[in-house]
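**Q** I'd like to go over a predicted model; first the sequence, then the structure.
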Amino acid sequence: MKKRALTVVLGIVMAMTVLTGCAKKGEANDVKTETKAETKTETETKAESKAEAKANNYTIGFVPMTLNNEYFIAMCNGAKEKAKELGVKLEVQAADSHASAADQLAIVENMITSGVNAICIVPSSSEGLETALKKCESAGILVFNIDTKLDDSVTSKVSMKIPFYGTDNKTGGIKAGEYVKQNFDKGIKTAILTGIETQQNSWDRHDGFVEGAGDTIKIVAEQSANWEVDQGYNAAQNIITANPDLQLFYCCNDSMAIGARRAVEEAGLQDQIKIIGFDGASEALNMVKSGKFFGTVAQDPVQMGKLGVENAVKALNGETVEQNIDTGSKLIFTDNVDAQLKYITPYIGK
């Protein structure tokens, strides 16, 4: 009996030993698995940190047409916001006026010398930057075309792809023209103020409006005012003097429209002449709200700035980027002007 009891006890002890060993082996496997998981997470974290550190070494040049226009201030502030989010340096430089193509070329050359990795540019002339593009290509600097599209005859002179992010200006013009066609009597006497003659967006806005309005409008005058307030004022004065029965100004940007409004008020014709602008600048939006403007076509310069920086960083990291993005446009009248003001205001006071 004692011998059998001893055998049973020994059997129980051996079984417990085996079970304990299995448990320890299982625990060891669990620890090993957890260590692998931790190692994987650490590796991913290191990779992310490495990518972030790499991004922090990027410098993106941002060249708007000018900084004497709220539209471009909003664009640059959108770009700065995105640059801060991505941890890259943004170098912003601009000429004094919209038409300073020579100054803009000098800015690009300085940025190439300073060693930027990419340049986002709003060209002051769709045709005047061939030299700059060739120098960027030679230096291995990526170029992103913002807001005002470079002419195909220029971009074809370089082998690198130059993405464009901005408004489909012709579509924006068509929207304004179609509204006039639907809401004004046929034969309304109309004057059009255009921008810089060498810029495609000026002609797209003009042509789109004329196409959308059709025979509803009777064009009595067209004149370039180079996107400037003072030139818009002078052009509008001349047009009103020659056409005192004018009923509508369609201006291809808000700055010229603001100048035109001043001329209209001085002539005492604010009840007779309606004004439609293009851009959606806050001053123009406030004039829509007060009734001084009939309406404006709002673009999204904030989104243009953000997309330029975001995609420049992606491209520098070897990622594929979209070559053409329409940032959209919408008609602004008294019924939706407050919403647009709420959106744009934070980007013009930074």
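**A** Nice, thanks for sending it over. Here the structure is a predicted model, which is why all the values come from computation and not from measurement. Numbering: from 1, shown residues only.

**Q** residue closest to the middle of this structure?
**A** Met304 (0.5 Å; C-alpha atoms, centre = their mean).

**Q** Just the pLDDT at that residue, thanks.
**A** Per-residue confidence (pLDDT) for Met304: 98.

**Q** neighbours of Asn145, just the number please.
**A** 24 (other C-beta atoms under 10 Å). Backbone N, C-alpha and C define where each C-beta goes, glycine included.

**Q** a helix runs through it, doesn't it?
**A** No: counting by DSSP: H, G, I helix; E, B strand; the rest coil, Asn145 is not part of a helix but strand.

**Q** quick one: the residue nearest to the centre of the chain from Ala95, how far?
**A** Distance, Met304 to Ala95, by C-beta to C-beta, to the nearest Å: 18 Å.

**Q** show me what contacts Ala263?
**A** Ala263 makes contact with 233-234, 236-237, 240 under the criterion C-beta atoms under 8 Å, 6 or more residues apart in numbering.

**Q** again, but for Ala191
**A** Counting by C-beta under 8 Å, 6+ apart, Ala191 has contacts 219-223, 236, 239, 243, 246, 248-250.

**Q** Likewise for Pro64?
**A** Contacts of Pro64 by C-beta under 8 Å, 6+ apart are 72, 75-76, 92, 94, 122, 146-147.

**Q** Tabulate the residues you listed in CSV, adding columns for pLDDT.
**A** Shown next, in CSV, are the contacts of Pro64 (pLDDT from 0 to 100):
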residue, pLDDT
Phe72, 93
Met75, 97
Cys76, 97
Val92, 97
Ala94, 90
Val122, 94
Ile146, 96
Asp147, 93
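
**Q** Generate a PyMOL selection restricted to the buried subset of these.
**A** Paste this into PyMOL to select the buried members of those, with burial taken from 16 or more other C-beta atoms under 10 Å:
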select buried, resi 72+75+76+92+94+122+146+147
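
**Q** Helices - which of the contacts of Pro64 land there?
**A** Members of the contacts of Pro64 lying in helices (criterion: DSSP state H): 72, 75-76.

**Q** There's contact between Ala298 and Ile332 in this structure, I believe.
**A** Yes: counting by C-beta atoms under 8 Å, Ala298 touches Ile332, with 4.9 Å between them.

**Q** So for these two, which residue has more residues nearby?
**A** Ala298 (27 against 24).

**Q** what are the ranges of the helices in the stretch 51-200 of the chain?
**A** Applying DSSP state H, counting those that start in this stretch to the stretch 51-200 of the chain gives helices spanning 70-86, 101-114, 130-139, 152-155, 169-183, 200-213.

**Q** which one of the ones you listed lies closest to Ala312?
**A** helix 70-86 (9.4 Å; C-beta to C-beta).

**Q** Need the ones in helices among the contacts of Pro64 in a markdown table (columns: distance to Leu269).
**A** Below are the ones in helices among the contacts of Pro64 laid out as a markdown table (distance: C-beta to C-beta, whole Å):
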| residue | distance to Leu269 |
| --- | --- |
| Phe72 | 31 |
| Met75 | 34 |
| Cys76 | 36 |
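
**Q** burial of Ile192, as a residue count?
**A** Using other C-beta under 10 Å, Ile192 has 21 other residues around it.

**Q** Buried residues, stretch 198-213. List them.
**A** Those would be 198-206, 208-210, 212-213, for stretch 198-213 by 16+ other C-beta under 10 Å.

**Q** Name all residues that make contact with Lys220.
**A** Careful, residue 220 is Val and not Lys. Val220 touches 189-191, 239, 243, 246, counting by C-beta under 8 Å, 6+ apart.

**Q** Ok, Ser202 next?
**A** Counting by C-beta under 8 Å, 6+ apart, Ser202 has contacts 194-196, 224, 227, 252.

**Q** Which residue ranges make up each domain of the protein?
**A** Annotated domains of the chain cover 57-167+301-326, 169-298 [automatic domain parsing].

**Q** quick one: low-confidence parts of the stretch 101-250 of the chain?
**A** 126-128 (pLDDT under 70).

**Q** any chance of the buried residues of stretch 198-213 in CSV, with distance to Ala339 too?
**A** Shown next, in CSV, are the buried residues of stretch 198-213 (distance: C-beta to C-beta, whole Å):
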residue, distance to Ala339
Thr198, 35
Gln199, 29
Gln200, 30
Asn201, 25
Ser202, 28
Trp203, 30
Asp204, 26
Arg205, 23
His206, 28
Gly208, 24
Phe209, 24
Val210, 29
Gly212, 23
Ala213, 26
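
**Q** what's Met65 in contact with, if anything?
**A** Met65 makes contacts with 72, 94-95, 98, 104, 122-124, 147-148, 227, as judged by C-beta under 8 Å, 6+ apart.
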